[in-house]
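Trainee: All I have is the shape, not the residue letters:
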């Protein structure tokens, strides 16, 4: 087989010129493609053009995106946050101030801002200078709370410049009856100094501020209305006093209302056991609130569910049906339960002494 002749010397000398020519051709091709793209862009509708960074339209869109980001961040933080907490997640102070100036967020007090739809009590507590605590924290969690409870605010130890919950320009009147201040044992991190107390902290605060029957009623509703389990409740109670931990034995997730829980605890403290939410067998009657023994029925009327005339008539018909079955029914109004509890307990105990709680 004959090998091809070596490349002539003349071809080697022409090689650089050929390479340069090829580069020029490629450059012309690239320029022609760029020209096609520019022509194609010129033929597109105006809204498809790349907007200038300083165009009003671009600025408005960026501004709206930043405001929406701030509002979402505030909601994720519970509705109220300190400006330094917002700064930690990348939202500058200047942006927060602009949002407050145009009414997108609310300036609660110096350095503290709230979303427009933030919980009203949360904003009031933050305006004072702290976070919702005790019964106020329970109310924010949509739990049952006793009547006539004002604003309960936990404030970090050493906090100054406490303000009126309804007027940021006025100092807090320490003698104001509807605001209760709880001081923490140690300063809290800035992020946790406003907002709502945790379940564990709320339980500790309740033990310090509320009577036993109200504490149990609130914890009953915690189990009933949230996904909190008894195991979670016992874990949160680890740091409580011996008195607080002992109350857990009275907590019952079967309870259907706060007034019912209060009566059950008052009777238990008087040595009388009452079983909540008992269904009478072989009947289509609703569950009864409390049953003492096997005959004495106790119905606890709340203002919310037993205020109308129609409901009152249904209650009386139900009492009559229970009486026909041989039960004795004692029905108490919520005002008796909360403002005359001794008379409620005395009436039940008298029936028990007479043996009327048994068939």
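Mentor: That came through fine. Every value quoted in this text rests on a predicted model; they were computed, and no experiment measured them.

Trainee: Going by C-alpha atoms from here, please, whenever you check contacts or count neighbours.
Mentor: OK.

Trainee: List the residues that contact residue 153.
Mentor: 125, 128, 130, 131, 132, 133, 134, 136, 179, 180, 181, 182 (C-alpha atoms under 8 Å, 6 or more residues apart in numbering).

Trainee: Reformat those as CSV; add secondary structure and distance to residue 161.
Mentor: Listed next are the contacts of residue 153 as CSV, based on DSSP: H, G, I helix; E, B strand; the rest coil; distance: C-alpha to C-alpha, whole Å:
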residue, secondary structure, distance to residue 161
125, helix, 13
128, helix, 8
130, coil, 11
131, strand, 15
132, strand, 17
133, coil, 19
134, helix, 22
136, helix, 21
179, strand, 15
180, strand, 16
181, strand, 13
182, strand, 15
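
Trainee: which one of these sits closest to residue 251?
Mentor: Closest to residue 251 out of these is residue 134 (17.2 Å), distances taken as C-alpha to C-alpha.

Trainee: got the contacts of residue 153 as CSV, with distance to residue 195 columns?
Mentor: Below are these laid out as CSV (distance: C-alpha to C-alpha, whole Å):
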residue, distance to residue 195
125, 8
128, 12
130, 8
131, 5
132, 6
133, 9
134, 13
136, 11
179, 16
180, 16
181, 15
182, 14
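
Trainee: from these, which two are the most distant?
Mentor: Pairwise distances across the contacts of residue 153 peak at 15.6 Å for 128 and 134 (criterion: C-alpha to C-alpha).

Trainee: remind me which residues of the stretch 251-359 of the chain are low pLDDT?
Mentor: 304-307 (pLDDT under 70).

Trainee: and residue 248, how many neighbours does it have?
Mentor: Using other C-alpha atoms under 10 Å, residue 248 has 17 other residues around it.

Trainee: ok but it is inside a helix, no?
Mentor: Yes: counting by DSSP: H, G, I helix; E, B strand; the rest coil, residue 248 is located in a helix.

Trainee: Could you measure from it over to residue 255?
Mentor: In this view, residue 248 and residue 255 are 14 Å apart by C-alpha to C-alpha, to the nearest Å.

Trainee: residues shared between the contacts of the two?
Mentor: In contact with both residue 248 and residue 255: no residue, using C-alpha under 8 Å, 6+ apart.

Trainee: about what we covered before: just the contacts of residue 153 now: which is nearest residue 238?
Mentor: Proximity of the contacts of residue 153 to residue 238 (C-alpha to C-alpha) peaks at residue 134, which lies at 17.3 Å.

Trainee: how close does the residue nearest the centre of the chain sit to residue 220?
Mentor: Geometric centre of the chain, nearest residue: residue 141, 5.3 Å, by C-alpha atoms, centre = their mean. Between residue 141 and residue 220 the distance, using C-alpha to C-alpha, works out to 13 Å.

Trainee: Also residue 79?
Mentor: Separation of residue 79 from residue 220 (C-alpha to C-alpha): 27 Å.

Trainee: again with residue 25
Mentor: Going from residue 25 to residue 220 by C-alpha to C-alpha gives 84 Å.

Trainee: What are the buried residues along stretch 194-214?
Mentor: 194-207, 209, 212-214 (16 or more other C-alpha atoms under 10 Å).

Trainee: ugh, wrong one, stretch 237-251
Mentor: Within stretch 237-251, the residues that qualify as buried are 237, 240, 244, 245, 247, 248, 250, 251, counting by 16+ other C-alpha under 10 Å.

Trainee: For this protein, which segments are assigned as helices?
Mentor: Under the criterion DSSP state H, helices of the chain are mapped to 9-43, 56-76, 83-88, 93-101, 120-128, 134-140, 199-209, 212-225, 230-236, 242-246, 258-269, 309-324, 334-339, 341-353.

Trainee: Can you flag the weakest of those by average pLDDT?
Mentor: Among those, helix 9-43 has the lowest mean pLDDT, at a mean of 65.

Trainee: one step back: residue 25 and residue 220 - which one has more neighbours?
Mentor: Between residue 25 and residue 220, counting by other C-alpha under 10 Å, residue 220 is the more crowded of the two (25 against 12).

Trainee: show me what contacts the more buried one?
Mentor: 251, 252, 253, 254, 255, 258, 261.

Trainee: Please produce a markdown table containing the helices of the chain, extended by distance to residue 277.
Mentor: Below are those laid out as a markdown table (distance: least, C-alpha to C-alpha, whole Å):
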| stretch | distance to residue 277 |
| --- | --- |
| helix 9-43 | 74 |
| helix 56-76 | 38 |
| helix 83-88 | 46 |
| helix 93-101 | 50 |
| helix 120-128 | 33 |
| helix 134-140 | 23 |
| helix 199-209 | 25 |
| helix 212-225 | 13 |
| helix 230-236 | 18 |
| helix 242-246 | 23 |
| helix 258-269 | 9 |
| helix 309-324 | 15 |
| helix 334-339 | 18 |
| helix 341-353 | 17 |
